[in-house]
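In: based on what follows, work out the 3D shape:
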Amino acid sequence: MKFPLPLILPVLLAACAVGPDFERPAAPPETALGAPPPPTDAAPGIAGATQRFTAGTDIPDAWWQLYHSPSLSRLIAEALTRNADLAAAQAALTVARETASANEGQFLPNLTGSFQAIRQKDPTGSVAPTAANNSPLLNLFTPQLSVAYAPDIWGGVRRAQESLDAQAQAQAFQLEATHLTLTANLVVAAIEEANLRGQVAATQRIVAAERESLDILKKQLSLGQVAEADMLAQQAALAQAEQTLPPLEKQLAQQRHQLSALLGRMPADEPADRFELTDLQLPVDLPVALPSKIVEQRPDIRMAEANLQSASAQIGVAIANRLPNISLGGALGSSAARFQDIFSPGNGLWSLEGTVTQPLFDGFTLLHKERAARAAYDQAAAQYRSTVITAFQNVADCLTALQSDAAALRAAVAADDAATRTLTITRKQLELGAIGYLALLNAEQTALQARVTLVQAQANRLADTAALFQALGGGWWNRPAPASSRAR
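Out: Next comes the predicted model:
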């Protein structure tokens, strides 16, 4: 059985693509993170629940809903529609996809239509008229259809398309990374606002307590039970406590500005929602992804992998540019002195052409471009390894932080309880004149620091839990029609 050449040639050309075929890097070993950590310590009060870690558990796409805060969910829903960085990433993805689609036209012949109309007068004093009717005036109408095609003999166009498709894939994962960063930043910003509000409230309570102590000392001074120096020292302690409030209030205002910016609003257009630590519930069942899943789920790793594939394809493009290339072309049309005679017999014209080009000497430009492409691939490979290592470091750091946060919160609760009881007893003893002022001052300072430390410990558990969800990829793969699934 014989096969015609027009059917055989495309098959042969399709099988030939110079340059390396991309292979996905191997996933890290399953022991890269070790066994899941044991459950964390528990503590009374806010964010004190025991957290459990389960290997292989999936992450919901709206993982922030595990904090059970309607206000937080509302803000994130608004930010996903108004945030400028997210809109810019979506536009960049569209640019990358359209650029890749535009390159697909090189696989098809280029068809061009033209129409030319000429009116010409010959210089009869120098040359004889060129028209068939021996007139010096010439009208010429020429419609023409031209076709040009360059067969992708060495697969350079296919490698270029592979590179552009990979770049579009990288941009899709850049969009997912922007989405993940935005949601994680909003969660952390809300927790930080709650943290600052808790510190402000704790400081205000200590200030009120120190004012009461100052009133007690003033009464005792009037009765001659304490020295004026004790009363003045208490005034200084009260002023120092009051001095800590403005910086906290400044940080709280700046945190509100950050929330507005993340929502795509101006600073004066603050959200109506306010966040307190009591409004946020600590997620207790936490996932620990397997290493093979982490490289699938982290948008930055997937983006680095797509960049690696793009660099691999560019090697093929550089090699193909050094090899012979064929271009085919042709034209079909007619030409007539009168418009109505365009399609008359004898006025038709056509042409066929074929060109083979081979770079012979270019000052080694193409050679160095190929070497540069190979070096760019080595660079992308090193960047991919660095991204993977950093990703696993992030996960390990988060798991360690959550264990440490739980132990720190348990100790902070105990310290706060002890400091509060000590302050209460010391204040009663001072009222009875059983102790001096210095003991009260020490008790007040200890109580203030213990309460601020407790608030910070509660916020740390909430924030580091959000960091773990971010480090594991954030569950983008569970969203309906994620952007990355629509990339080539």
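In: contacting residues around the regular element (helix or strand) spanning Lys250?
Out: Using DSSP states H and E, the secondary-structure element containing Lys250 is helix 245-262. The set of residues that contact helix 245-262 without belonging to it, under CB atoms under 8 Å, 6 or more residues apart in numbering, is 75, 79, 83, 182, 185-186, 189-190, 192-193, 196-197, 199-200, 203-204, 207, 266-267, 269-271. Where you see a C-beta, it was placed from the backbone N, CA and C, and this is true even at glycine.
In: and stretch 73-80, by the same measure?
Out: With contacts defined as CB under 8 Å, 6+ apart, stretch 73-80 is touched by 62, 64-65, 86, 179, 182-183, 186-187, 190, 259, 262-264, 271, 273.
In: rerun that using 10 Å as the cut-off
Out: Stretch 73-80 is contacted from outside by 62, 64-65, 67, 69, 83, 85-86, 179, 182-183, 185-187, 189-190, 259, 261-265, 271-273, 275, using CB atoms under 10 Å, 6 or more residues apart in numbering.
In: hang on, the earlier thing: and the next helix or strand past the helix holding Lys250?
Out: Past helix 245-262, heading to the C-terminal end, the next element that is a helix or strand (DSSP H and E) is strand 285-288.
In: what segments of the stretch 1-150 of the chain are strands?
Out: Taking DSSP state E, counting those that start in this stretch, the strands of the stretch 1-150 of the chain run over residues 52-55, 110-121, 137-149.
In: that older thread, list the buried ones in the helix holding Lys250?
Out: Buried residues in helix 245-262, counted by 16 or more other CB atoms under 10 Å: 248, 251-252, 255-256, 258-262.
In: equivalent analysis for stretch 367-379, please.
Out: When neighbours are counted by 16+ other CB under 10 Å, the buried residues of stretch 367-379 are found to be 369-370, 373-374, 376-377.
In: what secondary structure does the residue nearest to Ala373 when sequence neighbours are not counted sit in?
Out: By the measure of CB to CB, 6 or more residues apart in numbering, the closest residue to Ala373 outside its immediate chain neighbours is Ala318, 4.2 Å from it. Secondary structure for Ala318, judged by DSSP: H, G, I helix; E, B strand; the rest coil, is helix.
In: which sections of the protein are below the confidence cut-off?
Out: In the prediction, the chain carries residues with pLDDT under 70 at positions 1-15, 125, 127-128, 130-133, 436-437, 481-488.
In: so Ala373, which of the three states?
Out: Following three-state DSSP, we place Ala373 in the helix state.
In: His179 reaches Ala87, doesn't it?
Out: No: under the criterion of CB atoms under 10 Å, His179 makes no contact with Ala87, lying 11.3 Å away.
In: residue contacts, the residue nearest to Asn110 when sequence neighbours are not counted?
Out: Taking CB to CB, 6+ apart as the measure, Asn110 lies nearest to Ala148, with 4.6 Å between them; neighbours along the chain are not counted. Ala148 makes contact with 109-112, 327-331, 353, according to CB under 10 Å, 6+ apart.
In: hmm, 7 Å instead?
Out: 109-110, 327, 329 (CB atoms under 7 Å, 6 or more residues apart in numbering).
In: what about Thr183, which SS state?
Out: When states are read from three-state DSSP, the local structure at Thr183 comes out as helix.
In: now do the contacts for it.
Out: Thr183 makes contact with 64, 76, 474 under the criterion CB under 7 Å, 6+ apart.
In: surely Val350 is within a strand?
Out: Wrong residue type there; residue 350 is Trp, not Val. Yes: membership of Trp350 in a strand is supported by three-state DSSP.
In: I figured it hits Leu332, correct?
Out: Yes: look at Trp350 against Leu332 with CB atoms under 7 Å: they come within range, at 4.8 Å.
In: the two: which is more packed in?
Out: In this view Trp350 and Leu332 are compared by other CB atoms under 10 Å, and Leu332 has more residues nearby, 14 against 11.
In: beta partners of the more buried one?
Out: Leu145, Trp350 (DSSP bridges).
In: who wins for most neighbours among the contacts of Thr183?
Out: Gly474 (27 neighbours).
In: in this structure that residue contacts Leu180, no?
Out: Yes: shown here, Gly474 and Leu180 form a contact pair, counting by CB under 7 Å, at 4.1 Å.
In: could you tell me which residues touch both of the two?
Out: In terms of CB under 7 Å, 6+ apart, Gly474 and Leu180 are not both contacted by any residue.
In: coming back round to it: could the strands of the stretch 1-150 of the chain go into a markdown table alongside distance to Cys398?
Out: A markdown table is the format used below for the strands of the stretch 1-150 of the chain (distance: least, CB to CB, whole Å):
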| stretch | distance to Cys398 |
| --- | --- |
| strand 52-55 | 11 |
| strand 110-121 | 54 |
| strand 137-149 | 55 |
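In: other residues contacting stretch 210-223?
Out: By CB under 7 Å, 6+ apart, the residues outside stretch 210-223 that reach it are 226, 228, 230-231, 234-235, 237-238, 241, 427, 430-431, 437, 440, 444.
In: now those: which count as buried?
Out: By neighbour count, with 16+ other CB under 10 Å, the contacts of stretch 210-223 hold 226, 230-231, 234, 237-238, 241, 427, 430, 437, 440, 444 as buried.
In: which of the residues you listed fall in helices?
Out: In this view, those that belong to helices under DSSP state H are 230-231, 234, 237-238, 241, 427, 430, 437, 440, 444.
In: out of those, who's nearest Asp341?
Out: Each of these was scored against Asp341 by CB to CB, and Ala241 proved nearest at 103.0 Å.
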